[in-house]
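J.: Show me the folded form of this:
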Amino acid sequence: MGFFQRLKQGLSKTRGGLTSRVDELVENTREIDEDFYDELTDILILGDVGMDATMDMIDKLKQRVESEKIRDAGKAREILKSIVAEEMNIPRPPLKWPMVMFVVGVNGVGKTTTIGKMALRFQEIGRSVILAAADTFRAAADEQLAIWADRAHVPLIRHGEGADPAAVVYDAVQAAKARKSDLLIVDTAGRLHNKKNLMDELSKMRRIIDREYPEANVRCMLVLDATTGQNGIQQAKQFKEAVEIGGIVLTKLDGTAKGGVAIAIRRELNVPVWYIGVGEGIDDLQAFDAKQFTNALFGDEE
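T.: This is a model prediction of the structure:
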């Protein structure tokens, strides 16, 4: 099964609660009126698309339906679909090497697994990768990362539980420079109970990279678990206050009916979705494609 089919299968729960209800509304609509828009608004909000994103998309839909004199609800569905694709389609900036990728996110979102899969992906396209275990707060975090480092056959820089994360980053930067690595991926602590600590910790790491590795292109990737729905938006807001987010990785889309939250999160952060995950397999983390995502969400073919 190709990734699009896995994505389509993974979004089946979301389709049941979101786009299947849109299709049902379309089938039962004889006239596009305020009742149609009100019901569509309710469907989108209940589908975790979020209030702001929903109202904006409904406004755009109304404008286009009126300007194009659309009377057929089926055509309105296609316009809605194109609006969703536009909403999700923020192009990713081009990759520049060498790169340092900070990976942030609360514990349990699949952060370490995501890092391992990204290491494998970049290895497969011929890039040299080093991992840094800068989550020294959580017991056995570096052990989990070590398993992935072995699977990907990439070096892992670690100091052990309780060590200074900035010291780990310093050593990892020196290793990346010495080995002329293309990519250094840094695993960071997932705690959010004290944002000031998180901010100070990440700022300290960033200062070390800027000082020791000025030629590196630094990106901060936020990993979010799609099953948390609107709670994912709250996490995103908190991390956005603490660090400059450059992109989103959305995991566990296959385990939720709340896949519409991808639209809300993308809008809230105003940064591109880089990767989406629809399963535990190595190939189940793939680069995000707005058109592919929207087709899968609406149950259409690629």
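J.: In the helix or strand bottoming out on mean pLDDT in the chain, which residues are buried?
T.: Lowest mean confidence among the helices and strands of the chain (mean pLDDT, DSSP states H and E): helix 230-242, at a mean of 84. Buried residues in helix 230-242, counted by 16 or more other C-beta atoms under 10 Å: Gly232, Ile233, Gln235, Ala236, Phe239, Ala242. Every C-beta, even on glycine, is put in place using the N, C-alpha and C of the backbone.
J.: and if you look at stretch 33-40?
T.: Those would be Phe36, Tyr37, Glu39, Leu40, for stretch 33-40 by 16+ other C-beta under 10 Å.
J.: from those residues, which two are the most distant?
T.: Tyr37 and Glu39 (7.5 Å; C-beta to C-beta).
J.: which helices and strands sit right next to the strand ranked longest in the chain?
T.: Criterion DSSP state E: the longest strand present in the chain is strand 217-225. Applying 3 or more C-beta pairs under 8 Å, 6 or more residues apart in numbering; DSSP states H and E, one finds that strand 217-225 contacts strand 99-104, helix 195-212, helix 230-242, strand 247-251.
J.: Any idea how far the third one is from the middle of the chain?
T.: Pointing back at helix 230-242 there. 12 Å (C-alpha atoms, centre = their mean, to the nearest Å).
J.: Can I get that helix as PDB, trimmed to CA atoms?
T.: What follows is helix 230-242, C-alpha atoms only, in PDB (Å, rounded to 0.1, in the frame of the first residue of the first chain):
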ATOM      1  CA  GLN A 230      -7.800  21.100  20.600                       C
ATOM      2  CA  ASN A 231      -5.400  20.400  23.400                       C
ATOM      3  CA  GLY A 232      -2.700  20.200  20.700                       C
ATOM      4  CA  ILE A 233      -3.500  23.800  19.900                       C
ATOM      5  CA  GLN A 234      -2.900  24.800  23.500                       C
ATOM      6  CA  GLN A 235       0.400  23.000  23.400                       C
ATOM      7  CA  ALA A 236       1.300  24.700  20.200                       C
ATOM      8  CA  LYS A 237       0.600  28.200  21.700                       C
ATOM      9  CA  GLN A 238       2.700  27.500  24.700                       C
ATOM     10  CA  PHE A 239       5.700  26.300  22.700                       C
ATOM     11  CA  LYS A 240       5.300  29.300  20.300                       C
ATOM     12  CA  GLU A 241       5.600  31.600  23.300                       C
ATOM     13  CA  ALA A 242       8.800  29.800  24.400                       C
END
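J.: Give me the angle between that helix and strand 217-225.
T.: Calculated by axes from the mean of the first three to the mean of the last three C-alpha atoms, to 10 degrees, helix 230-242 forms an angle of 160 degrees with strand 217-225.
J.: Other residues contacting helix 230-242?
T.: Helix 230-242 is contacted from outside by 48, 50, 104-106, 192, 195, 198-199, 202, 222, 224-226, 228, 245, 248, 261, 264-265, 268-269, using C-beta atoms under 8 Å, 6 or more residues apart in numbering.
J.: Return the alpha-carbon coordinates of stretch 210-222 using CSV.
T.: In CSV, the C-alpha atoms belonging to stretch 210-222 read as follows (Å, rounded to 0.1, in the frame of the first residue of the first chain):
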residue,chain,number,x,y,z
ASP,A,210,25.0,30.5,17.1
ARG,A,211,28.4,30.9,18.7
GLU,A,212,30.0,27.6,17.9
TYR,A,213,28.3,26.7,14.6
PRO,A,214,27.4,30.0,12.9
GLU,A,215,27.3,28.4,9.4
ALA,A,216,24.4,26.1,10.4
ASN,A,217,20.8,26.7,9.4
VAL,A,218,18.8,26.2,12.6
ARG,A,219,15.2,25.0,12.5
CYS,A,220,12.8,24.3,15.4
MET,A,221,10.3,21.5,14.7
LEU,A,222,7.2,21.1,17.0
